[in-house]
Structure formats: C-alpha cells, structure tokens
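*Asks:* sequence and predicted structure, then a few things I'm wondering about:
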Amino acid sequence: MDGKARPDAYGRAGGIDSLGRSTSDFSRRSLLALSALGLIATGQRAANANNAQGQLTWAVHISLAPTWFDPAETPGMITPFLLLYALHDAMVKPMPGNAAEPCLAEGWKMAPDGLAYEFTLRAGAKFHNGEPVTAEDVKFSFERYRGTSAALMKERIKVVETPDDRRVRFVLKEPWPDFLTFYSSATGAGWIVPKKYVQQVGEDGYKKAPVGAGPYKFVSFTPGVELVVEAFDGYWRKAPAVKRLVFKVVPEEATRLAALKRGEVDLAYSIRGELAEELKKIPGLALKPVVIQGTFWVYFPDQWDPRSPWHDQRVREAARLAIDYKSISEALTLGYSPITNSIIPDSFDFYWKAPAATYDLAKAKKLLADAGLRNGFDAGDYYCDSTYANLAEAVMNNFQEAGIRVKLRPLERAAFFAAYSEKKLKNIIQGSSGAFGNAATRLDAFAARGGAYAYGSYPEIDELFAGQATELDVAKRTAMLHRIQQILHEKSVYAPIWQLAFINGTGKRVGESALGLIRGHAYSAPYEDVTIKQS
C-alpha cells in the first residue's frame, strides 16, 4: 500500500492496495479501519541537496496582484494557485496523480464517527525564514482564512485543537463528507503561513514580503512588471531544478508570442486563435493545450429582479440559444475547448451531464418576441475579465444578431473578481472558475444562497444543497447534487459557454514545463518539477 491519501467521489480518502486496485471503492467501514490504524499517510521523502541552476521566465497573461501572495484571501478561481504552488505549501493539495496528496501533513486520519480529522505534520518542514512549520501555524492559517467558502467552513468546525507541535485536530459539529475537499483543494484554508512572521509584519507587510513553505521564496515584485522567486534549499519534497523563476506581466497576446519567439521568455500563457496557429509552425516552439477545470459562462445577476428583462426565463433561454458555441471554440481555442453546457467541470465528482448545447438563432428571436421583445432590447453592460475580452466580443456579436444589445465593460482580473464577489456588477457577467474541488464546492460559490458569487438563489436549490452537505449515503448525495445542476439548466440560471482549453507556448530551453501534470490545473505545477533542457 502506498500510504497516500486519495479522495474518492465521496470526498473521502482512498489509495492503491497491495494488488494495485483503487481503494476509492472501499466501504466506509474499510476507510475507518485504515484511519484507526493510522495507515493513511506519508508522501515523498525529503530531497537531496539543492543543485538548482539557471532561470526560466514566464510571460503571464494577467496583471499579478499581491492579494494572490496570501492564501488567506484565495477567491473561488484558479489564478492565485499560479503563485501559491511556488511560494507556499499546503497540508494536503492536488499533485500529479493524486487530487489530495499529503504535503506539509505527512498523513491524516478521520475519527470513526466522522466528527474529527487529525493531521500529523511532516517532521523538518520549514518556512523560508528557517522557522519550523508547527501545529499552531496550521491553526492560525485556518482561523485567519477569509477567502471563498470561509464562512461555510468555520460554521461547520467546532474547534481546532493542537495536542502538540506536530498534530492538528479539526473537530466538526456534525459529519461533513466534503471537509477534506474544501480544506485541501477548493479553498486556501489549508495553505500554511508562519504565525509569528505575519503578526510581526502585519497584513499589509505580509503582502509586500510574503514568507511561505513552498519550493520557491519571494525575491521581488514590481507591480505591473514582474514577480521574481528563487529556489528554497530547505524544501522538503524535492530540490527545485531551476534556481530562479520570473513571472513577467505581458497583457498583450501578440507581445507574449513575440517574446517567446525571440527567446526573451521561455513559456507564454494563453496563446489563442490565429496566434496559436502561427506558434504551431515555428521550429523549436511547442503548443501546449490543456483542458482544465475552468468553465466559462454568461450570468444574469438581475434575474431575481421582477423589473429586469432577465427575470423572464424565456429571455435567458434566448441568450443561451443565441451563442454559437462550436464556432467560438474553433476560432479562439482551435476547437480544443469542449462544450459541456455546464458550470461544473466534467472531471469533477458529482458532475451531471447536461443535454448538448444548442445554437438556434431563429428560436432565440422567437423566444424574445414571445417575451414582448420583438425588436430586441438594450441589455446594458457586459462585464468580463479583460483577459477574456475576445471571448466576450464573440458572445456579444452573437447576442447582437439575436437583438440583445450590450456594451463591453472589461476589468483587470483582480478588480473584476472583487467586484463580482462584492455583488457590484449588473446586467450581464461573463464569469468563470478553474478552482479545484467537486460539484458541491463549485455550487457553494456560484449557486447556493450566500455563495461568494451568487447574486440570488432558488428555494429548491437551497434545500437540496443543505441536505447534500451532511448526507453520508453516496447515491443519495449524488442524486441531490445532480438535481441541483438540472435545475440550474432548466431555469437557465447561467448560459455556459465552454470548458476552457488553456493554450500555452513553450520555448527551446524548456525541458519539463509542468503544464498538465496536475489534472485540471491551468498553470505549470508543481514548480519543483520544472526543468531546463540540457544542451
């Protein structure tokens, strides 16, 4: 038995038994027996001495924000993990081949009654300032956490106990099958920061000079220009092969490709459409498309306002029918982005497969006419993350053909998601999320009452969501979560666009890019696995 904790569709631990069979099918009794014996454990051994050399440079498609240096502020999207996997480490986190790999925790076990999870810290794990990672740091990081799903998690945790420096026990108010999913992947609550250092420098000071326990330590940050990190000799898992990583902010797609061609950068994120076609033809460069757990959608935040046209379900359905999904995917991502017609990634546990998306302009116009909008209507602002303004423009052109007239309002990513979560946006929102988790964690943020990005909800959804959260029968829970997704589809709460194929480019110097090593993850990770090609 490899001793690594692996989550099954229930959010519980599994693994591989001595015959190579997946233990995700083990009964609850089997899991509890293993937990009682403390057999859910270990991880990889500490690496040899650090022989890191050289530098790799990424051309990043977004403006980096200091809020993403701090796990405590992790929103319901994947972007912060671009940096978290370098600067920080988690108790348990998604890694290659394992969606819940013990990291700072060498192991964990669940109490027989399901009311407690106890983690044992890895001996010798250190922060970048040389201080050991302790149970008190773990407790502090959880209590300090204020990102997505923070309220939900803290409502369900009765107390966090620290019996000694290497043990942390989370005591629940009632059994919660998704505890580990929320703690290990869907939020930043399990990513650990040093209590003493944070208290010493303060919240603002921490963002200016973050200290973590990850494979790379902070060197410098120039807003709007670049972030520089350097290999941490004391990282427990594996000595990073590359000495220095530089993340350059290059918002313009054509400029990213030009920099990659000239060898000014080694990897370029988000190269799409005609530029992706061009990249494929350049000797020495490689196109790296990765279908991620990032779904995109059009959201109608005013649908609960009786005065809004979007209150009429026929209008929302018209918008869905007006989008030419296949053509947009082919034009922008060379057809790599699948059309799943859901806000839930098809790789997530508890995913419900929706009926195929349909493009029917004539029917869209008829629905608008039936709703009293024969001549179409002015739908106001169309808000989006500026990085995906080209996707917004394509959807807006489709809307225009149907008679839905909108104005583009792109915002930089950090500002966009802040406004989205603070419920400041109206009319139309082009949303997305590539965050880790399962269907329940995604629905918590985007569909359930009080969700970080939910501007309203429906009573039937709220009742089902509350019921599934404590349901221990997998079949019953699956049925509830499927029904919620079905209701979202039937009511056209969203108009799903695609599940993104994130298309990147790599240069001649790159050995291992680490793109796609972690299932569903958009960016290079784990960074300690990245290499420079040997000449």
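*Replies:* Everything's here; your move.
*Asks:* show the low-confidence segments of the stretch 151-300 of the chain, by residue range.
*Replies:* Counting by pLDDT under 70, not a single residue of the stretch 151-300 of the chain qualifies.
*Asks:* quick one, helices of it?
*Replies:* 179-181, 195-208, 253-262, 273-280 (DSSP state H, counting those that start in this stretch).
*Asks:* could you list the buried residues of the third one?
*Replies:* By neighbour count, with 16 or more other Cβ atoms under 10 Å as the criterion, the buried positions of helix 253-262 are Glu253, Arg256, Leu257, Ala258, Ala259, Leu260, Lys261. Using the backbone N, CA and C atoms, a C-beta is placed for each residue, glycine as well.
*Asks:* tell me the most buried of the helices of the stretch 151-300 of the chain?
*Replies:* Mean neighbour count, computed with mean count of other Cβ atoms under 10 Å, is highest for helix 179-181 among the helices of the stretch 151-300 of the chain, reaching a mean of 23.
*Asks:* list the contacts for the spatially most central residue of the chain?
*Replies:* Centroid-nearest residue in the chain, with Cα atoms, centre = their mean: Ala435, separated by 1.6 Å. Contact partners of Ala435, counting by Cβ atoms under 8 Å, 6 or more residues apart in numbering, are Gly76, Met77, Ile78, Thr148, Ala186, Gln293, Thr441, Arg442, Ala445.
*Asks:* what is the longest helix seen in the chain packed up against?
*Replies:* In the chain, with assignment by DSSP state H, the single longest helix is helix 474-490. The contact analysis (3 or more Cβ pairs under 8 Å, 6 or more residues apart in numbering; DSSP states H and E) places helix 474-490 against helix 439-446, helix 459-468.
*Asks:* next, the angle helix 459-468 makes with the first one.
*Replies:* Translated: helix 439-446. On the basis of axes from the mean of the first three to the mean of the last three Cα atoms, to 10 degrees, helix 439-446 is oriented at 130 degrees to helix 459-468.
*Asks:* kindly export helix 439-446 (C-alpha atoms) in PDB.
*Replies:* C-alpha atoms of helix 439-446 as PDB (Å, rounded to 0.1, in the frame of the first residue of the first chain):
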ATOM      1  CA  ALA A 439     -19.600  19.800  -7.800                       C
ATOM      2  CA  ALA A 440     -20.600  20.800  -4.300                       C
ATOM      3  CA  THR A 441     -17.700  23.200  -3.800                       C
ATOM      4  CA  ARG A 442     -18.400  24.900  -7.100                       C
ATOM      5  CA  LEU A 443     -22.200  25.100  -6.400                       C
ATOM      6  CA  ASP A 444     -21.400  26.500  -3.000                       C
ATOM      7  CA  ALA A 445     -19.600  29.500  -4.500                       C
ATOM      8  CA  PHE A 446     -21.900  30.100  -7.500                       C
END
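*Asks:* what comes up buried for it?
*Replies:* Ala439, Ala440, Thr441, Arg442, Leu443, Asp444, Ala445, Phe446.
*Asks:* with adjacent residues omitted, what lies nearest to the third one?
*Replies:* Looking back up the chat, that one is Thr441. Ala186 (3.7 Å; Cβ to Cβ, 6 or more residues apart in numbering).
*Asks:* which secondary structure element is home to Ile328?
*Replies:* For Ile328, the host element (DSSP states H and E) is helix 325-333.
*Asks:* got the contact list for the next helix or strand after that helix?
*Replies:* Downstream of helix 325-333, the first helix or strand assigned by DSSP H and E is helix 361-370. For helix 361-370, the external contacting residues (Cβ under 8 Å, 6+ apart) are 314-315, 317-319, 321-322, 374, 376-377, 401-404.
*Asks:* for ChimeraX, write a command that selects the buried ones of those residues.
*Replies:* The ChimeraX command for the buried members of those (criterion: 16+ other Cβ under 10 Å) is given here:
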select :314,315,317,318,319,321,322,376,377,402,403,404
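*Asks:* which of the contacts of helix 361-370 lies closest to Asp89?
*Replies:* Using Cβ to Cβ, Ala319 comes nearest to Asp89 of the contacts of helix 361-370, at 42.6 Å.
*Asks:* how about stretch 138-153 as PDB, C-alpha atoms only?
*Replies:* Only the C-alpha atoms of stretch 138-153 are listed here, as PDB (Å, rounded to 0.1, in the frame of the first residue of the first chain):
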ATOM      1  CA  VAL A 138      -1.800  25.500  10.900                       C
ATOM      2  CA  LYS A 139      -4.500  26.600  13.300                       C
ATOM      3  CA  PHE A 140      -3.600  30.200  12.800                       C
ATOM      4  CA  SER A 141      -3.800  29.900   9.000                       C
ATOM      5  CA  PHE A 142      -7.300  28.300   9.200                       C
ATOM      6  CA  GLU A 143      -8.600  30.900  11.600                       C
ATOM      7  CA  ARG A 144      -7.100  33.700   9.600                       C
ATOM      8  CA  TYR A 145      -8.600  32.400   6.300                       C
ATOM      9  CA  ARG A 146     -11.100  34.800   4.800                       C
ATOM     10  CA  GLY A 147     -11.400  33.700   1.200                       C
ATOM     11  CA  THR A 148     -14.100  31.800  -0.700                       C
ATOM     12  CA  SER A 149     -16.200  29.500   1.500                       C
ATOM     13  CA  ALA A 150     -14.600  30.800   4.700                       C
ATOM     14  CA  ALA A 151     -17.900  31.300   6.400                       C
ATOM     15  CA  LEU A 152     -19.200  27.900   5.400                       C
ATOM     16  CA  MET A 153     -16.100  26.100   6.700                       C
END
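*Asks:* buried stuff in it?
*Replies:* 138-142, 144-145, 147-150, 152-153.
*Asks:* which residues touch the helix holding Ile328?
*Replies:* So helix 325-333 is contacted by 272-273, 276, 289, 335-339, 357, 359, 390-391, 394-395, 398, 497-498, 500-501, 503 (Cβ under 8 Å, 6+ apart).
*Asks:* pretty sure Thr79 is in a strand, no?
*Replies:* No: Thr79 is assigned coil when assessed by DSSP: H, G, I helix; E, B strand; the rest coil, not a strand.
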